[in-house]
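*Asks:* have a look at this prediction, sequence included:
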Amino acid sequence: MTTAKAKRGSFVPNFTSRLTPPLIALILAIVLFLLGGVISPGFVNANQAINIVRLAAFLGIIAAGQTLVIISGGEGIDLSVASVVTLGAILTFRLTDGQDALILPVLGLVMLVGAGIGLVNGLGIVFLRIPPLVMTLAMAGVVQGVILQVTRGELEGETPDLMRTLIAQPLIGPIPGVIFLWIGLGIAMWLLLERTPYGKMLFAVGINRTTAMLSGVRVPLVVVLTYAMSGMLAAFGGFVLLGFTDIVFLNLGGRYLFPSIAAVVVGGTLLSGGKGSYWGTMSGALVLQLINSLLQAQGLPEATQSIILGVVLLVLISIYGRQRAFRL
Amino acid sequence: MNQANFRRLLARNSYLFALLLLIVVVLINYSRQDNLFDPSVLNRNIRVFLPLAILAVGQAIVIIGGGIDLSVGAMVSLCNALLVTWITPETAGGDILLAIGLVALVGMAAGLLNGIAVAYLRLQPIVTTYATSFIFAGLALTILPRPGGQLPSDMTGLYRRLIEVEAFANIPIIQDISILREIPPAFIVIAIILLLWAFLRQTRLVQYIYASGDNAEAAYTTGIPVQRIRLGTYVISGFFAAMAALALTMSLGSGSPTSGDAMTLDSIVAVVLGGTRLRGGQGGIAGAMMGVVILGVIRNIISFYDVPTWSQTLVDALIILIALAGPGFVRYVSDLIRRYRLQGGRAA
Amino acid sequence: DTYTIGVSNSFVGSEWRTQMIKQIEDAAAEIEELYGITIDLVIESTDTDVSGQVQQIQNLLNRGVDAIIVNPGDQTGLNLAIEEATDEGVVVIAVDQEIGAAGAINVVIDQKEWAMISAEWLAEQLGGEGSIVLIEGFVGHPANEARMAGVEEVLAEYPGIEVIGRESGMWDQATGQQVMSDFLASLTGIDGVWTQDGMASGVMTAIMDAGLENPPIATGEARASFLQMWEETLMENPDFTTIGVVNPPGIGASGLRVAIELLRGAEINEEAFSGPFGNTLYVPIPYSVTNENLQEVYDAQNIGEAPASFTLDGIITQEGAIKLIAGEELTEMDVTPDVGEPEVEGMDMGTEEAEESSGS
Amino acid sequence: MVTLSAQHLVKRYGGVVALADGNLEVQSGQVVALIGANGSGKSTLSKIITGVVAPNEGQLLLDGQSVSFSSPLAARQKGITAVYQELSLVPEMSISENIWLSHEPMRYGVRLDRKAMQKRAQELLDLFKGTIPASLTPTTPVYDLTPDERQIVEILKAISQDPQLVIFDEATASLDSAQVTRLFELIEDWKSAGMAIVFVSHRMDEIFRVADQATVLRNGSHVGTVDIAATSERQLVQMMIEGAAALEREAREPVAAGAPIRLDVRDLTTEKLRGVSFDLRDGELLGIGGLQGQGQSDLLLAIFGAIPFQGALTLSGRRVHFSHPRQAMKQDVAFVPGDRGNEGLLLIRSILDNLMLPSLREFGTPLRMQRARSEAGAVSDDLSLVMASLDAPVNSLSGGNAQKVVIGKWLLRDPKLLLLNDPTKGVDVGAKGEFYKLLADLRHQGTAILFYSSDDEELLGLCDRVLVMHDGRISAELAGENVTRENLVAASMGATHHDASHHKEEPTA
Ligand SMILES: Nc1ncnc2c1ncn2[C@@H]1O[C@H](COP(=O)(O)OP(=O)(O)OP(=O)(O)O)[C@@H](O)[C@H]1O
Ligand SMILES: Nc1ncnc2c1ncn2[C@@H]1O[C@H](COP(=O)(O)OP(=O)(O)OP(=O)(O)O)[C@@H](O)[C@H]1O
Ligand SMILES: [Mg+2]
Ligand SMILES: [Mg+2]
């Protein structure tokens, strides 16, 4: 027993003494922010900081489900998030029709619908063994198709005022509600990943499905559940995004698709699965948003921005995204 | 059929499902479009499919080698931009060939960048090529800020006009089969690629691509230069992207800085539809080409079956989903049956 | 008589496009009644790239359509496919975007002129002095380039106005909102914002979220959601001002009307053509919404009840189509806000200006 | 004639010294056994010789010339090949493609000569004729092969280009005794043909059968090289393990009379099993023997609910039919797989996470980490696990300690029925001894243990009763004084022992 106790203490130093990828990303975010101040004076101020965190929050929230799916391994990836985000926003917009009282019930329903879409993804991936990349890509098309089929492009409805108040506008001091929401989600995700059986099983499934199965983990269940959760979180992301944009449009979530993956990867989560964290994703979202804002503040032409973004991403992933060498 | 046999059958003929699916969709298309097999209609169709088909070949080779390339679309855009910048209606024959050669080199250089990052810096392929796609897209936009340019008309004509085979015109049976007398040029390109592949499949290079994609560690310890092979697959992909851009440019006659962007995901879907798994080490390019044709024919079906406007996107996606699910569904059912038998009639 | 009309649309992720399709469908029904003919609409509308749209056009050809209404997803990439169609005697009408394909006819509004109206308005509001930012659509997209050329032309006449930021909002509201948020946080002293289309809602939301004492004056758009926000804002702040210039989705329906006239044997007056490729029939820009006529438009079109995505429209009548082909000047009577709807009072058409600039 | 000499090789991985002073000398016509405990550096030394691993210090001399291989290919070109411990086969390729990978015979210099490949692959397969199924052909894909068949293909691959020097790194670990015997005959042939051979194994009897000399490593350092003929097993073990832990074995003990029947298996049938019946009592250690791949794994996996099966299972008097390991675990069944890297461990996760994995639900939501930590600490103490901390990743453990984690994670659940699938494969002598003690403790606590081992010595030494499997059936049940090497070997070959009539003969539905 004594040995076990003695070893317990080592957890904390272990955590901080090593420069883990999420930490690198976070430090990078801060450095980038300060760099922004050097390059364009006026960039570093509380207002801008809040603004950037707020914008990162939307990406971060949308990337939450993506994080889970990528950790689940098996080439796990969810390309349907963008469509589900759009669907979530459209449903909220249409069903609440501006009524504050309906926000919660509609949110419940929206998340259920998202979960249902994710469920189908999961079932196709697990039971029909369709590679996640193409399964979720096809599902993205289906969701988009359903939206068009049902709405015929006429997006009726209204955003409840309360949503804007709670999400986009300053809530406590100058800080908008979405930042608190994001922090809350961060804590929930940490609990989910590190302090629930599901979380531990998710990592197990991501690393080695045979080992997991032989240790009593119902692998298909965990995987299907993970995709369902990704769908649910994406729909939630759509809900939150609506609080920001106030109105919906057919392509609302489109711009978040690849950034949601990039945020996860920049945050140090392995694309091969089994290793990662949501706070890494949060740092990743901050880094991406900062790069974006920094480039924007320079007033560079579109083409140059694109090239710089590509190079910066390459440099970022080469800091810690490297795979094992063959020859040791 | 038991699972091992089934798996073996699939492994030997990874494109079996794709072939079956191809026949089915073509028949469905044909049932509403009687002129589908007219040489001119066939030509119109196949010349639209060709750029993606060529691109999917490169994508398939990267995927077989254990990678993935999300930058192929941006490479097409870049090469398309270069082609219309370097070739104008006044450009002479020799200079056209020079321009094409240079563009091929640019494609290969872009592939080289991907390859170095993935094979030697050991970065994860998906994010690496996602990142480089921004670089290529930015370059395309720098070179060709707005759509434009024009190819010489004999160059576009070469791509568009049926090739009449005079020699066949008098041979009894052949003269009745119009498609053998009038051959779409795209067919010839596809035939050349398939023949070339059939030859390459028997070389060490391709053998090593399969081995590296299947089990890189094992391949390395066996003495295969896995990193060089990986690099090679990306360079090949870059080359095919340049060729796809050439086909696209000849097909459209002009250029746009975003012309290829949408082709990336399509190329991956086509590869998977063609029976190549994304984990690598298995599959082939014939399947990928079939996948491209399947995707294209689905669009024809939507058109000729008068699918209501607001349902077109849904129907398109659903058919693709069903096509993707096909092999898995058969496997799942055969698994269930096997389990059921094994448990003496008890459900699993 | 039966006419088979193909429609090719390569982008469905936009309400503007879906409204365009719907107006075409409605207009077809109306024309059928008007002339006692049958119109077979074959609509191809999915998200696809240039090759995909080439395939759409080819399929329409293979189905033997009489005319094709195409909203080109690429300015030059469809030319060969379209020329193949016109060679076969098919009437091809390009709407929304001008293309140079031989034999094709463009039925569009003048995008440059369209942008100049709001740029001019902004410059006047600022009294010719101040710092502004520009938030544009897809860089390299022909419509965007035409519009920005118009903006630059206007600004050249106001040396007192300085452009301190220019960024793409990707023609999407959320990006527009984000770009504006970034501008507000990193640039000081923004007096005005020139933006366009859906991004305007995002820009306005960003400005309001920032809670500034002296918010910049921004151009707006003519979409229900924006007008609703506008009206609400006015109630709290009567000094608020913006402008929405109508960019009509009904251009597709206008194109259909022209196509039908041509199929019925009307001869185009070559004098009517103008534009960069000499094959354009400019449809007048319907009107602009400003504080002056906001309430009028609001009530007449029942904006309060309209879906947020509804865009104010302007479609030429069949009469108007005949005049357009004949090269005659269109009057207010020739443009309706919706298929079959009566004209709105207070519609201030920019016909003369449009004609002027396109004639150059 | 070739002489290879490795001198003072050092290999460090970060702070870990995998090889501190690796020395080895081997020449044509000689078999040198390279032995040492788990983690003593045998594989590292082998991989340096074949160019897979780059040494930090030291040198390699080939015929007195200093050489350095920058890749496996470079070593191959000098006629040095190896059978690696972690097999290096490409599953989607056929046997012949694998054998010739990287030195394919070519036609016209550009095309693979598939005919020649297959013809020569068949000749190579014929070397093991009789010990592998006749159904194996050069075109059989490798993913269809059993572990022993893969091992044989790996051996054929290594010798396919007539190397001067071959290293067999635990190449017999997955082979059954007939295959080992055949391999040893072949080694004699190769040796007399002038090949130099390095032979790594944890099985003492094999070393004494095949080797001329033994080079011993301990903690990465060369301890000595001895002539096998002049050395005893005990001396070798002493060289390998400091403090000379004896190769003790728990005496076989009969099961307590009247112990209740824990598991009753009737007519168990799977794809590989053709009606297997037996029972197992509390506190009994029941061995399963036989050649590789006779259905032993299927038997254990089926009982554990990991593969579908047909037949009747009765656990403590209750009929059960598990369709997932989870259900079996709820009935206190535990399963220790043989392949710990691929089936037993989450290599990059912490020791704590690995130990907790089967018991996650016991710790509730949110997980009570304190309790998990103390329970895991207790188990690791019981097993005297050598580790930095419970939070260290499992892949930082040596092989023997990692295997303890695989067992430890089940001890957290107090299993009543323990299924063991060749758990000591590749485990060194010292760790094996501890493991046997643990088994004894468990059975004294009343745990019923079903124990498959590919090591006949182990079964003979530990088990009171041994079921010998052949071709999906129990060909013999050996008990008491019948548990002898002769009976075991005979039954392994398919001879039916008189005791074997235990199971029912009725055909399955
Ligand atoms: N992959 C690895 N990465 C980092 N450290 C490792 C790795 N493998 C082993 N080690 C460390 O190297 C050290 C030596 O391991 P080794 O296997 O020699 O131990 P050992 O005492 O021989 O164990 P055993 O009793 O199981 O034979 C151990 O402390 C182990 O933690
Ligand atoms: N890639 C690696 N990274 C870190 N440590 C390693 C690595 N490979 C081996 N080691 C460590 O180096 C030491 C020697 O390992 P090696 O595999 O050579 O031992 P071995 O004698 O072959 O053991 P076994 O009998 O278990 O096969 C061990 O402590 C091992 O854990
Ligand atoms: Mg050890
Ligand atoms: Mg070893």
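*Replies:* Good, I have the coordinates. The shown structure was predicted, so the numbers you read here are calculated from the model rather than taken from an experiment. Residues are numbered from 1 along each chain as shown, chains lettered A, B, ... in the order given. Ligands and ions are numbered 1, 2, ... in the order given.
*Asks:* quick check: which ranges of the stretch 401-509 of chain D have low pLDDT?
*Replies:* For the stretch 401-509 of chain D, applying pLDDT under 70 flags the ranges D:426, D:493-509.
*Asks:* and the residue nearest to A:Ala49 when sequence neighbours are not counted, how many neighbours?
*Replies:* Ranked by Cβ to Cβ, 6 or more residues apart in numbering or on different chains and with sequence neighbours excluded, the top spatial neighbour of A:Ala49 is A:Phe33, at 7.0 Å. Placement of C-beta: from N, CA and C, glycine included. A:Phe33 has 19 neighbouring residues, counting by other Cβ atoms under 10 Å in any protein chain shown.
*Asks:* same deal with the one 3 residues further on?
*Replies:* Around A:Gly36 sit 23 other residues, with neighbours defined as other Cβ under 10 Å.
*Asks:* state the number of residues packed around the nearest residue to it once chain neighbours are set aside.
*Replies:* Nearest residue to A:Gly36 in three dimensions, chain neighbours excluded: A:Phe43, at 3.9 Å (Cβ to Cβ, 6+ apart). Per other Cβ under 10 Å, the neighbour tally for A:Phe43 reads 23.
*Asks:* in terms of contact, does A:Phe43 touch C:Ser186 like I think?
*Replies:* Yes - using Cβ atoms under 8 Å, A:Phe43 makes contact with C:Ser186 at a distance of 5.4 Å.
*Asks:* find residues that contact each of those two.
*Replies:* A:Ala297 (Cβ atoms under 8 Å, 6 or more residues apart in numbering or on different chains).
*Asks:* tell me, what residue is most central in the chain?
*Replies:* You didn't pick a chain, so chain A it is. In chain A, the centroid-proximal residue (Cα atoms, centre = their mean) is A:Ala63; its distance is 0.9 Å.
*Asks:* that answer is for a different chain, and I need it for chain D
*Replies:* D:Lys425 (3.0 Å).
*Asks:* for that residue, helix, strand, or coil?
*Replies:* With DSSP: H, G, I helix; E, B strand; the rest coil as the basis, D:Lys425 sits in coil.
*Asks:* which residues touch the residue lying closest to B:Ala317 once chain neighbours are set aside?
*Replies:* Spatial nearest neighbour of B:Ala317, excluding adjacent residues (Cβ to Cβ, 6+ apart): A:Gly141 at 2.9 Å. By Cβ under 8 Å, 6+ apart, the contact set of A:Gly141 is A:83, B:313-314, B:316-317, B:320-321.
*Asks:* next: A:Leu288.
*Replies:* A:56, A:59, A:259, A:262-263, A:266.
*Asks:* what about 6 Å?
*Replies:* A:259, A:262-263 (Cβ atoms under 6 Å, 6 or more residues apart in numbering or on different chains).
*Asks:* across the sheet, point out what pairs with the closest residue to D:Asp391 other than its chain neighbours.
*Replies:* Among residues not flanking D:Asp391 along the chain, D:Ser350 sits closest, at 4.7 Å (Cβ to Cβ, 6+ apart). Beta-bridge pairing for D:Ser350 (DSSP bridges): D:Pro393.
*Asks:* D:Ser350 contacts D:Ala388, doesn't it?
*Replies:* No - between D:Ser350 and D:Ala388 there is no contact under Cβ atoms under 6 Å: 10.4 Å.
*Asks:* looking at these two, which one has more neighbours?
*Replies:* Taking neighbours as other Cβ under 10 Å, D:Ser350 and D:Ala388 compare with D:Ser350 leading, 20 against 13.
*Asks:* tell me which parts of the stretch 1-150 of chain C are close to ligand 1?
*Replies:* Within the stretch 1-150 of chain C, no position lies close to ligand 1 (Cβ under 6 Å from any ligand atom).
*Asks:* so where's the stretch 1-150 of chain D uncertain?
*Replies:* For the stretch 1-150 of chain D (pLDDT under 70), the answer is D:14-16, D:38.
*Asks:* list the contacts of D:Arg323.
*Replies:* Quick fix: residue D:323 reads Ser, not Arg. Counted by Cβ under 6 Å, 6+ apart, D:Ser323 has contacts D:Gly305.
*Asks:* if I look at it, what pLDDT would I see?
*Replies:* D:Ser323 carries a pLDDT value of 90.
*Asks:* how about B:Arg346?
*Replies:* Confidence score, pLDDT, at B:Arg346: 47.
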